[in-house]
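Asker: Predicted model and sequence follow; I will ask about them next.
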Amino acid sequence: MCGEFWVGELPDGGPDLVLWGKSRGLEEHDGSLVKYPLVCHLLDTAALAGAVWDDYLSLGLRGWLSKELGLSAQESRCFVMFMAGVHDVGKASPGFQRKVAMPNGYPQEGDCTDHARAGHLWIGAALQHKLGIPRHLSVRVGEIVGGHHGVFTTADPKDFKADKMKAHGLGIGAWGRQRLAHLEAMRAVLGFDHWPREITHEAQVIVCAIVVLADWLASRTEYVKLRLPDVPEMGRVEQLKRFFDGSGDRASAELQQAGLTRLQLKPGTFVDQFGFEPNRLQRSLESGLPALVTGPGLLIMAEQTGQGKTEAALFAAGIMSEAAGSAGLSFLLPTMATSNEMEPRLASFLKERVANPTPLNLLHSMAWLRRLKNELEQGDSVASQAKDMLTVVTEWLSGGKKAAFAPVSVGTIDQALLSVLPIRHNAFRMLAFANKTIIIDEVHAFDEYVEQLLSTFLAWCGHLRVPVILMSATLPQRTASRLTAAYLGQPVGAVGDISAALKYPGWRYVDLESQKSTSEAIEVASEQQRELFIEVHPCGVSDSGMQRMAALKTHLAPLLDSRGSAAVICTTVDEAQQTYLGLKTWLAEQGSDAELILLHARMPLHRRDEITSDIVRRFGKKGDRGGRTIIVSTQVIEQSVDIDMDLMVTDLAPLELLFQRAGRGCRHPENDAYRPKWVKGHRLVVLTPQQGDELALPGGWIYVYPEAAMIRTHRLITGLGGLPVQVPGEVQDLVDTVHTDPSLIAGHENAEVTSKAYELVAAAEAIRKSIPRPGHVSAVQLLSKGANVIDDEMVSTRFNADSVRVLPCFRRDGNLYFDEECEKPVPAPRWRGTDPIWLRSELASIIEHTIPLRTSYVDHEAGLAAQPDGWSKNHLLKRVIPLIFDFNADGDPQPVRMRGNNFRLDAKLGLLR
DNA sequence: AACAAAAAAAAA
Ligand SMILES: [Fe+3]
Ligand SMILES: [Fe+3]
């Protein structure tokens, strides 16, 4: 039908070098524009794609792709290079060339300025009609070309109609001959003539991502400048071949310089790798795992914190990477704070175990802040040792979507989950992870929404034959089963094979190929079993919430009389603040000098960090246990804060969380000798809000924890009747019981229905938002669902997590200050024309004074309007809402009223509501 | 209308 458009002679001289591909950053000193020919950019990209294949892609992924395409490894490599070599063919069109200079002798008409789309349509049609490539391939090739800016689209067959093509400048004539000349030149230079048997949507994802990677490498201005002298005079095949060889000669070095290398760990026993004898978990893996691992697979480890899971995972990753042929490592955690802590641990491991440069990158939204601090700290200590250079992050890898391509990365799980959300460049992100062995820590900390996104991610991992390790404290069996089923490619909601239940502590390995699973329990010597006394202390409830003070006085009095440390964990920030004040009064009444510390998330970031590192330093493994300290806190203390308190007192919370909190009490046996006398064993005091015998949850609590989980937990711990729990021995059973035993919810089935409904809504939301699982991609555009509406805001890696950063600041004489004394001004930018410029350290100081606040508290419109000049143009500040306190006539700062709440900033208490 | 903590957000 539109075949007539593809007749026409090839130009004798091949590609016209006048057609430009790159011009950014190439201006001469006199201001004249240097244009880099399109064909050169395409040859560069093809050469770099070849180098990515040779030097960066994992054996596993190469093998997968070859099989998927039905080609040999060499043929697949050639196909990928060809795709890279035609990605910008749409630039040979009037719509694009016009942007800089319209060449002579070409028709003017044509309106398609989006060269990815132009390429998509043209190549899709040209391959079929001009080269006789079957439609099921030509269409898919077109979609890859069309996706190279990060958004996949599926073309409407109508778009290929002659009149539409012509209107886009995609008809025959001089332009069409040039596009064909570029395509044919690429085929000739690469010697490409083996088309894939099939191009699945999953293969499109990976091929397109490789093309994008090569394109970004080829588009660096310095690189283009470097290649500029070699640009040939004419576009004949021999000359293009020579240019291509020149690109190829440089390509490996370019990848190296960009930091795109493979991780190669020195092999060795556990002792070789870590320098100490393996413990119970590590020993079990060292003896049991190697025989099971013959290819990609999924390892789940469940063990208490502090039992060497990290080293165990790294050890297992070595074995699994080798067997699956993966080329790197990505360590993913639930929070930025935990990732920050993991980074130096991983760095010191790598420095001992790699011989080649292996950049280690930190991946999360505040990684820049961390890097800045490290630079400031190291400032003077000049590059101490050669091995410290091994893990240094290259310029190219620092920041943005490229960061995940470092051969080793540590970061938030969200970074990986972004690859299964329909956002720009998700395929590109996917490649960064698919090339590696994935380790995911603290899997127990994810809610249904994250778990569902994670399932989709795992489904892709399994499909792409990526080895995965999951680590967790106790995990409900059904969660472990669901994640396993997802990895194995079973449909959504499948529970998988539960014959080999996960033990606690223990591990389970599932081989992807055979789907055979092996579960090992870890023998815990009886002297390693510890008794935990869960002590239920009912408290009254009034309009102002749960009445804790009487209970707290009872349990904390011994501490005042002698010494020791205790933590009190409250359900809400408001309650933590009130409890802090209540205890302060009480301590004063008692004439006690005990120290009182308040920690929660509704205080400036830097305050929270200071307090956290202070208590970790003092109450970590080797702390001074001589003083009297009470920490009042919220849930912030559950995660990542490695402290050891003599006594833990907590509000009622779901059972798994109670165990987490208990883990912060009497944590290190080596500290036991120094505990005060009143500490008789490991106790967790649970304050339960009750009216008589009935649980009576205070108003706000049901928005924090589901009522059903609270009822179940309350009944279960009450039912323990004061008997101790064996830890870890009895923990898994209790966790499974609390989730499944119907008697624990009898009489409150409605609450159960409500919480199940909520879970279903969260999971359904995740399914609705995420990309399809592999094998269920019916059209490539589903990976970018409704490409035009995505742009990045609609999707979230967390459920119901809308929070916003506010900057509390004080205004005097029109100037803003961080502090009430008006001594520390909020940095204002310098201006370059209309662009605001800040130092990184200035941005850091602003961010560090911000407080996360849920969106429902914030008057967003008015807040944005109140932003100081320049903030809206800075990507770090544009979402920060200032919370401005003015002074009254007496010189007191006035509270800010927003959405019916009055906010004040208190130096000790944080933000008060 | 109440609420913990948790995360993300620039490309060729
Ligand atoms: Fe492009
Ligand atoms: Fe390009």
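Answerer: Happy to help now that I have it. Given the structure is predicted, the values throughout are model-derived calculations rather than measurements. Ligands and ions are numbered 1, 2, ... in the order given.
Asker: show me where pLDDT drops low in the stretch 351-500 of chain A?
Answerer: Applying pLDDT under 70 to the stretch 351-500 of chain A flags the ranges A:379-385, A:493, A:495-499.
Asker: what do you get for chain A?
Answerer: By pLDDT under 70, the low-scoring segments of chain A are A:1-12, A:29, A:31, A:379-385, A:493, A:495-499, A:786-794.
Asker: So which residue is dead centre in it?
Answerer: A:Gln415 (2.0 Å; Cα atoms, centre = their mean).
Asker: give me the element it is part of.
Answerer: helix A:413-417 (DSSP states H and E).
Asker: touching DNA strand B at all, that helix?
Answerer: Yes. Using Cβ under 7 Å from any atom of the strand, helix A:413-417 comes into contact with DNA strand B via A:Asp414, A:Gln415. Using the backbone N, CA and C atoms, a C-beta is placed for each residue, glycine as well.
Asker: And the contacts of the helix or strand following that helix?
Answerer: Following the chain from helix A:413-417 toward its C-terminal end, the next helix or strand by DSSP H and E is helix A:426-434. Contacts made with helix A:426-434 from outside it, assessed by Cβ atoms under 8 Å, 6 or more residues apart in numbering, are listed as A:58, A:61, A:147, A:150, A:152, A:205-206, A:208-210, A:212-213, A:330, A:401, A:404-405, A:409, A:415-416, A:418-420, A:457, A:460-461, A:464, A:466, A:771, A:783-784.
Asker: and the very next helix or strand once past helix A:426-434, what other elements does it pack with?
Answerer: Proceeding C-terminally, helix A:426-434 gives way to strand A:437-440 as the next helix or strand, assigned by DSSP H and E. Based on contacts counted as 3 or more Cβ pairs under 8 Å, 6 or more residues apart in numbering; DSSP states H and E, the elements that strand A:437-440 packs against are helix A:309-324, strand A:329-333, helix A:413-417, strand A:468-472.
Asker: got a markdown table for those, with distance to A:Arg482 too?
Answerer: Rendered in a markdown table, the data for the helices and strands packed on strand A:437-440 read as follows (distance: least, Cβ to Cβ, whole Å):
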| stretch | distance to A:Arg482 |
| --- | --- |
| helix A:309-324 | 21 |
| strand A:329-333 | 18 |
| helix A:413-417 | 16 |
| strand A:468-472 | 12 |
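Asker: Any residue of whichever strand or helix holds A:Cys809 touching DNA strand B?
Answerer: Taking DSSP H and E as the definition, A:Cys809 sits inside strand A:803-812. Yes. Contact of strand A:803-812 with DNA strand B (Cβ under 7 Å from any atom of the strand) involves A:Ser803, A:Val804, A:Arg805.
Asker: ditto for stretch A:532-544
Answerer: No. When contact is scored as Cβ under 7 Å from any atom of the strand, no part of stretch A:532-544 falls within range of DNA strand B; the minimum is 11.4 Å.
Asker: ok, residues contacting that stretch?
Answerer: The contact list for stretch A:532-544 (Cβ under 8 Å, 6+ apart) reads A:546-548, A:550-551, A:554-555, A:578, A:658, A:662, A:681-691, A:696, A:698, A:714, A:717-718, A:720, A:722, A:724-727.
Asker: Quick check: ChimeraX command selecting the buried ones in those residues.
Answerer: To isolate the buried ones among the contacts of stretch A:532-544 in ChimeraX, judged by 16 or more other Cβ atoms under 10 Å, type:
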select /A:546,548,551,555,578,658,662,682,683,684,685,686,687,688,689,690,698,714,717,718,725,726,727
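Asker: Give me the nearest residue to A:Asp651, chain neighbours excluded.
Answerer: When the adjacent residues along the chain are set aside, A:Asp651 lies closest to A:Thr571, with 4.6 Å between them (Cβ to Cβ, 6 or more residues apart in numbering).
Asker: Might one say that that neighbour is in contact with A:Gly700?
Answerer: Yes. Taking contacts as Cβ atoms under 8 Å, A:Thr571 lies within contact range of A:Gly700: 7.4 Å.
Asker: Cool, thanks, talk later.
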